[in-house]
Each structure stands twice: as structure tokens, then as C-alpha cells.
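Enquirer: sequence and computational prediction follow.
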Amino acid sequence: MPTTTPAAGDSLHERIGGAPVVERLVVSLYERVQRDPELAPFFANTPMDRLHREFFAVALGDETEMEAWDLARAHGGRGIQAEHFVRFVRHLTDTLTDVGVSMDDACTIANRLAIVERDVTGEVD
């Protein structure tokens, strides 16, 4: 799918192609993650349909969903470290570019996730 130039005022969700593209992203990303031997154990016994919806709400900037999702509680005690987080984000950016999301939008999404890294890893300064 070729990338397109976003119209002024389009939301990130709209710019990347809306619900049909997000659904493809979700499926492709979690297939990749579940094939990754370092990340797959973190997703065992995880309700993937809920995770898909919540993760992409956070990644695409849905503040309503973000407020409802306690990232630290959801990820606490799982042993997720910074290198796991980086590996996950790398899978995400590869998936985004594979489906034709522009590099600018892929970077925007990755940067949104960087903001919540400490909540996911439990690491503090």
C-alpha cells in the first residue's frame, strides 16, 4: 500500500488509513511479536482482542482510552525490561512501514510509546 500525503487536520488514525489499516496492523504486529522468542512469553494467556484495541488506542493518541488503561498495573511484575520494550517498538515500526504507513507517522507512533516506556518496564530514574 503506497503512502499518501496527509491532509491538514487529519488525525493520526485517519492518516494511517483508518480502521481497516489498524486492523491489519494489529494482526501483523502481534503475529510478529508472538513469533519472537524473547517477547512471546510476555503475551502468553493475554486476551489479544482487548490488548489490540487498547494498545493502538494508546499508540494513536486516544486519551480517553489511555486514561482508562493503567499501564503500570497491566505490565507490573512481568519482568519487562527496556530491551524488550525497544524490541517490541522495532516490530511495531517494521509492521507500520510494511503496510505503507509513512516514516513520519511511524516515528510519531513510536515516540508516543516512548512516553509510556517507564510505565511498561517499571524502570524509574
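Expert: Great, that's in hand.

Enquirer: give me the mean pLDDT for stretch 23-34.
Expert: Stretch 23-34 shows a mean pLDDT of 87.

Enquirer: tell me the buried residues in that stretch?
Expert: Judged by neighbour count (16 or more other CB atoms under 10 Å), stretch 23-34 contains these buried residues: 24, 25, 26, 28, 29, 30, 32, 33, 34. (C-beta placed from N, C-alpha, C; glycine too.)

Enquirer: isn't residue 24 right up against residue 99?
Expert: Yes - using CB atoms under 8 Å, residue 24 is in contact with residue 99, at 5.6 Å.

Enquirer: phi, psi of the residue nearest to residue 38 when sequence neighbours are not counted?
Expert: If the residues on either side of it in the chain are set aside, residue 38 comes closest to residue 87, at 6.2 Å by CB to CB, 6 or more residues apart in numbering. Phi and psi for residue 87, reported as degrees, to the nearest 10, are phi -60, psi -40.

Enquirer: ok, residue 82 to residue 98 distance?
Expert: For residue 82, the distance to residue 98 under the criterion CB to CB, to the nearest Å works out to 24 Å.

Enquirer: that older thread, as a markdown table, the buried residues of stretch 23-34 with secondary structure and distance to residue 45 would be great.
Expert: Listed next are these as a markdown table, based on DSSP: H, G, I helix; E, B strand; the rest coil; distance: CB to CB, whole Å:
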| residue | secondary structure | distance to residue 45 |
| --- | --- | --- |
| 24 | helix | 25 |
| 25 | helix | 23 |
| 26 | helix | 18 |
| 28 | helix | 21 |
| 29 | helix | 18 |
| 30 | helix | 14 |
| 32 | helix | 19 |
| 33 | helix | 14 |
| 34 | helix | 12 |
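
Enquirer: closest one of these to residue 42?
Expert: Nearest to residue 42 out of the buried residues of stretch 23-34 is residue 33 (CB to CB; 8.3 Å).

Enquirer: okay, that closest one and residue 11: tell me how far apart.
Expert: Computed with CB to CB, the distance linking residue 33 and residue 11 is 25 Å.
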